[in-house]
Every structure is written in C-alpha cells, then in structure tokens.
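K.L.:
Curious how this folds, go ahead:
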Amino acid sequence: MMTNLFTVFDPASSIFNLSLNWLSTFLGLMMIPSMYWLMPSRYHIMWNKIMMTLYMEFKTLLGPTQSVGSTLIFTSLFSMILFNNFMGLFPYIFTSTSHLTLTLTLALPLWLCFMLYGWINNTQHMFIHLVPQGTPSILMPFMVCIETISNVIRPGTLAVRLTANMIAGHLLLTLLGNTGQSMSMILLNILIITQIALLLLESAVAMIQSYVFAVLSTLYSSEVN
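P.N.:
All right, here's what the predicted structure looks like:
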C-alpha cells in the first residue's frame, strides 16, 4: 500500500528481508544478447556504430590534450545510464537512476577527480577559469565568487537533473495509470493511447538524459586541461 506518491520510488522494499531493488542496476546486461558476445552480429555492429559516434564526439570535446583512453570512461558511463534508464521503463523493475544515491555516486567522484587533477597539475589554468576573459577589474571579485559557486554545484546539478527527469515521467505514468479503474471505456482507450505516447516520450528522455550526463561530464573534464 502506498503511503504517498513517491513510495513507488522507494528502494526499501525487500524480498525475505533482503533489499534486492538495487540489483536492477545490473539488469542492463540482459539487454545485450548473447550473439553480441559470440560473433559480430547485427546487434554488435549497431552498438559499435553508436559507440564509435560517441567516441568521436567525446574525442572532439576533450580536445588534443586528452589522455589515451579517457573517452572510454564517458562512453561506458553513457552505456550504464542508458541501460538503467531503459530497464526502469519495464513494469516492476526498480529505476536506480531515479535516486540520488546512484546519480550522486556517479557525479561526485567524477567531479572531484577533475577538480583535484586540475588544481594539482594545472593550478594557473584553473585560476584563469575563475575570471572570464574581458571581465572589468571592478567585477572580478564577484565573478570569482560566482564561478566558484557554479563549479561547486556541478555534481549536484548533474545528479538532480538525471534524477528529476526520471522521477517526473515515471510519476506521471503512475498517476495516470491509477485513474484507469474509475474511467469509462472511451476514456480508458484515450488513457491507454496517452500512456503509450508518454512511454515513447520516456524512451526519448532515457536516451537524452544519459547523453546529457555523459557530455556534461566530458565538458567538465575538458576544462581542467
């Protein structure tokens, strides 16, 4: 029984007193067919094309000073979030990306590593970033404060953006689904069509949000070099 609307996102439900909801994070592996691992199948070729496109884009964003293999971090991050977002669209599967426990765990260590690397190895470059080019001298102290705050809240905005988008769509689907029992047949048909449209929209949001998370992480990484 739901005590409030957000109970559907509660990770505390359990089976035999074991909290198994977070195992849904690994269910994305089930979406990769066995043929992907055994031979160059159609799935393999399609996924390779997607990954190569992302690889080239992330390589461009990181610039010529990138470390070898650094793009693999962001393509892997994209894949993980995409699989988790899609798995959450299936009934009775817990959406792990709708919780700050997971999204903040992804965003905070990444941001912290970028900041530590930048301030230790490129200290002067990081100080330059605090004052945008062309800023009048009188405004420099204020710009340093504003840029510092914007840097500090980056992991929070990354995590909350993904979480809020996942919760919003799922909550709307849940609210509409709970009203179907008291509707007439005509309204019920309209509701089903609306639910299908929202499900398609959520599929697009799942792809877009995983892409946005990976791209913003790449941009934050490129700023410390």
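
K.L.:
From the chain's centroid, how far away is stretch 124-131?
P.N.:
28 Å (CA atoms, centre = their mean, to the nearest Å).

K.L.:
Please read the previous query as pertaining to stretch 56-75.
P.N.:
18 Å.

K.L.:
what's the answer for stretch 139-155, then?
P.N.:
On CA atoms, centre = their mean, the centre of stretch 139-155 falls 24 Å from that of its chain.

K.L.:
can you check stretch 107-120 too?
P.N.:
18 Å.

K.L.:
Report the buried residues of it.
P.N.:
107, 110-111, 114-115, 118 (16 or more other CB atoms under 10 Å). (C-beta placed from N, C-alpha, C; glycine too.)

K.L.:
for stretch 204-224, same thing?
P.N.:
Those buried within stretch 204-224 under the rule 16+ other CB under 10 Å are 205-206, 209-210, 212-218, 220-222, 224.

K.L.:
List just the nearest of the buried residues of stretch 107-120 to L162.
P.N.:
Distances from L162 to the buried residues of stretch 107-120, taken as CB to CB, are shortest for A107 (8.2 Å).

K.L.:
which ones are touching that closest one?
P.N.:
If a contact means CB atoms under 8 Å, 6 or more residues apart in numbering, then A107 has 154-156, 158-159, 213, 217 as its contacts.
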